[in-house]
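S.K.: Could you work out the structure for the sequence below:
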Amino acid sequence: MSSSAFGIGAKRTALQDLRFLIDELVEIAARALSPGVNDPFTAVTCLDWLGAAVSELAGREIPSPLRTDEDGALRVIAHPESFGSFLDRSFGALAQYCASDMVAALRYVRALGEVALKCDNPSRLRLISDYADKLEELAAEALNGFNLARVADRAAERTPGWTIPVVRTIAQEAQGIAELAQAIEAHRDYLRSTDRLARLEHERALAEIRAGLEAEMVDAPLRRAAQAGRLDELADAVATRRLSAADAARIVERTYYAPDSPGGLPR
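M.R.: Next up is the predicted model:
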């Protein structure tokens, strides 16, 4: 009777055990960050998946472990789970590994921030903040210099001294719009009271300068080469191994970066 109603096996499955997939991703990330492997980008991918999964859980109610039938009679007591247990099993388990690598630590904090954006439960938000604090503490012991400063700056983006407001809005019904605008203005006032607003504006200006340089030094020469019919010719030469990519880049630079100058290689 039971064998026709239940599938019993010796291994965990992703369909029946949410913790199984979390454990798999944690194991892959932990191994990737071990000194013998040193592959932080694999760990970053795992953090992205974990962040996406926990973000989904952040906005949901965890079902009760007490399972009843249609008559309300208790039939099964499942293993109790909570948002905190999933958070601990994922980000809690990886904190010590990510703290020793700048790339992984930065993505760890970013992933927690993305989880927080999907959460409107104050107690869950505090849990998320606690794990970010723990990562920062561990990083202070494992990193130094520039690496530690980067992680500290990213962690500071959580704005200590500022409590993230939870504002419910329904745009189509014009609900919460005024409260949202007030929260945005209050946050801007907070940033003005610290050095973060000036720093953010400075970073934005640097990004705009970088984008301008890329447009002038990369996009413009490529566009001129394409207009002259030379870009496809160079691409074909690189594809057929008659020219290296580096040599093709130098031809574009010398010929089309400064089109008004007499330099450049002959055709």
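S.K.: Please parse this protein into its domains.
M.R.: Per automatic domain parsing, the structural domains of the chain span 11-167, 190-267.
S.K.: is it possible to export these to a markdown table including mean neighbour count, mean pLDDT and distance to residue 177?
M.R.: To be clear about C-beta, it is placed using only N, CA and C from the backbone, and glycine gets the same treatment. Shown next, in a markdown table, are the domains of the chain (neighbours: other CB atoms under 10 Å; pLDDT from 0 to 100; distance: least, CB to CB, whole Å):
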| stretch | mean neighbour count | mean pLDDT | distance to residue 177 |
| --- | --- | --- | --- |
| domain 11-167 | 16 | 85 | 9 |
| domain 190-267 | 13 | 79 | 21 |
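S.K.: what's the closest of those to residue 179?
M.R.: domain 11-167 (5.0 Å; CB to CB).
S.K.: Turn the domains of the chain into CSV, including distance to residue 173.
M.R.: Formatted as CSV, these follow (distance: least, CB to CB, whole Å):
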stretch, distance to residue 173
domain 11-167, 14
domain 190-267, 29
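S.K.: quick one: which of those is nearest residue 174?
M.R.: domain 11-167 (13.5 Å).
S.K.: What is the distance between the closest one and the centre of its chain?
M.R.: How far domain 11-167 lies from its chain's middle: 12 Å, per CA atoms, centre = their mean, to the nearest Å.
S.K.: cool, and stretch 225-233?
M.R.: 38 Å.
S.K.: and residue 75, what helix or strand is that in?
M.R.: Assigned by DSSP states H and E, residue 75 belongs to strand 74-77.
S.K.: correct me, but residue 118 touches residue 59?
M.R.: Yes: using CB atoms under 8 Å, residue 118 is in contact with residue 59, at 5.0 Å.
S.K.: Doesn't residue 80 lie inside a strand?
M.R.: No: read with DSSP: H, G, I helix; E, B strand; the rest coil, residue 80 is coil and lies in no strand.
S.K.: At which residues are the strands of the stretch 51-200 of the chain located?
M.R.: 66-68, 74-77 (DSSP state E, counting those that start in this stretch).
S.K.: quick one: contacts of the longest one?
M.R.: Pointing back at strand 74-77 there. Outside strand 74-77, the residues that touch it by CB atoms under 8 Å, 6 or more residues apart in numbering are 65-69.
S.K.: out of those, who's nearest residue 152?
M.R.: residue 65 (39.9 Å).
S.K.: what residues are up against that closest one?
M.R.: By CB under 8 Å, 6+ apart, the residues touching residue 65 are 77-81.
S.K.: swap the cut-off to 6 Å and go again
M.R.: Neighbouring residues of residue 65 by CB atoms under 6 Å, 6 or more residues apart in numbering: 77-78, 80.
S.K.: likewise residue 135?
M.R.: 95, 99, 108.
S.K.: Could you rerun that using 7 Å?
M.R.: 95, 98-99, 105, 108-109 (CB atoms under 7 Å, 6 or more residues apart in numbering).
S.K.: which residue sits closest to it in space, ignoring its chain neighbours?
M.R.: residue 95 (5.1 Å; CB to CB, 6 or more residues apart in numbering).
S.K.: How much space separates that neighbour from residue 19?
M.R.: Residue 95 sits 18 Å away from residue 19, going by CB to CB, to the nearest Å.
S.K.: How much space separates residue 218 from residue 256?
M.R.: 11 Å.
S.K.: follow-up on the earlier one: okay, the contacts of residue 135 in CSV with distance to residue 205 next?
M.R.: Formatted as CSV, the contacts of residue 135 follow (distance: CB to CB, whole Å):
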residue, distance to residue 205
95, 34
98, 31
99, 31
105, 26
108, 28
109, 24
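S.K.: Narrow those residues to those in helices?
M.R.: If you go by DSSP state H, those have 95, 98, 105, 108-109 in helices.
S.K.: Sweet, I'm off.
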